[in-house]
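> Need a 3D model of the following:
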Amino acid sequence: MGLNMAKQNIYDNETFFNEYRKLREREVNANNLFELPTLFSLLPDLEGKRILDLGCGTGERCMDYLNRGAAKVTGIDISEKMLAVAKSENSSPDITYLNMPMEDIGSLEGEFDVVISSLALHYVEDFPGVVKNVYRLLSEGGIFLFSQEHPLATCYTGKGDRWTRDENGRKIHVNIAEYCVEKRTDVTWFVEGVQRYHRMFSTIVNTLADNGFKILKMVEPYPTEELVQKYPEYYDLYHKPDFLFVKAVK
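Here you go, the predicted model:
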């Protein structure tokens, strides 16, 4: 699948895939320090639950959910490369991996108790369609928990410096433009032309509410003072968090 398809499959681009794997294999990265701890802190009790993982990637989280007591896990991803790693390194009789985009989950049968998506929904154009299908697939009282790039990050177009700096090059504040213009932006991340979609906070929350969800919690992770002392580069997150987490219930 090429880079200009409506449902972009950037993770099957060889260069992107290899660089992304290198990033995630580094011990110190934003995923390990902020995204995963926050995700785990928001998880409901998974004992005996049926889990759907949207954008499961290489399947590490699917194994985590099994280890936390889940009965069955279904992981879907648009990337054949990611799923090949998942089936090789994170397989289990209780995990089913399916090669499909999130926009197509309306074709899934059955019911799930928890639907989870880690840093994938900002790649989806039809956010309302995905939310509507998640609601249909969830059991009554089921949980929808997702993380995505923070709206203050997705409104960055990739043009010009993201930061305003002082004479010593120290970041003073982040530059924000056209926050209220919801659109697709093509940015460079390992390769050119990575497509993502910017939505305002209100759009995210209202889409969930309009489809019957009740918001339980929203989290914007930022570092402790101790962590910043150890990794000063993460002081950036006091200006602008990288991630947004939303936990909702049907």
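> wait, what's in contact with residue 142?
By C-beta atoms under 8 Å, 6 or more residues apart in numbering, the residues touching residue 142 are 112, 113, 114, 115, 249, 250. For glycine as for every other residue, the C-beta is placed from the backbone atoms N, C-alpha and C.
> Among these, give me the pair with the biggest separation.
112 and 249 (13.2 Å; C-beta to C-beta).
> Looking at these two, which one has more neighbours?
Neighbours were counted for residue 112 and for residue 249 using other C-beta atoms under 10 Å; residue 112 has more, 23 against 16.
> The more buried one touches residue 52, doesn't it?
Yes. Proximity of residue 112 to residue 52 meets the contact threshold set by C-beta atoms under 8 Å, at 4.3 Å.
> Common neighbours of these two, please.
Common neighbours of residue 112 and residue 52 (C-beta under 8 Å, 6+ apart) are 74, 137.
> can you give me the strands for the chain?
Ranges of strands in the chain, per DSSP state E, are 50-54, 72-77, 95-99, 112-118, 138-149, 163-165, 171-174, 184-189, 191-197, 214-219, 243-249.
> what's in contact with the fourth one?
Residues outside strand 112-118 that contact it (C-beta under 8 Å, 6+ apart): 35, 39, 43-44, 46, 49-55, 57, 61, 65, 70, 74, 102, 134, 137-139, 142-148.
> from the chain's centre, how far out does that strand sit?
Relative to its chain's centre, strand 112-118 lies at 12 Å (C-alpha atoms, centre = their mean, to the nearest Å).
> Within the sheet, what are the partner strands of that strand, with directions?
Sheet pairing for strand 112-118, assigned by DSSP bridges, gives strand 50-54 (parallel), strand 138-149 (parallel).
> Out of the strands of the chain, flag the one nearest residue 235.
Per C-beta to C-beta, nearest to residue 235 of those: strand 171-174, 7.9 Å.
> name the helices or strands packed onto the closest one?
The contact analysis (3 or more C-beta pairs under 8 Å, 6 or more residues apart in numbering; DSSP states H and E) places strand 171-174 against strand 163-165, helix 236-239.
> Can you say which of those is nearest to residue 128?
Using C-beta to C-beta, the nearest of these to residue 128 is helix 236-239, at 29.2 Å.
> pretty sure residue 125 is touching residue 197, no?
Yes. Using C-beta under 8 Å, residue 125 makes contact with residue 197 at a distance of 5.7 Å.
> More neighbours: which of the two?
residue 197 (18 against 14).
> what residues are up against the more buried one?
Residue 197 is in contact with 122, 123, 124, 125, 127, 154, 182, 183, 184, 185, counting by C-beta under 8 Å, 6+ apart.
> and if we set it to 10 Å?
Contact analysis of residue 197 by C-beta atoms under 10 Å, 6 or more residues apart in numbering lists 121-127, 148-149, 154, 182-185.
> roughly how far apart are it and residue 182?
Separation of residue 197 from residue 182 (C-beta to C-beta, to the nearest Å): 8 Å.
> Which neighbours do those two have in common?
Contacts common to residue 197 and residue 182, judged by C-beta under 10 Å, 6+ apart, are 127, 154.
> what number of residues lie near residue 89?
Neighbours around residue 89, by other C-beta under 10 Å: 11.
> looking at it, it is touching residue 59, isn't it?
Yes. In this structure, residue 89 is within contact of residue 59 by C-beta atoms under 10 Å, at 6.9 Å.
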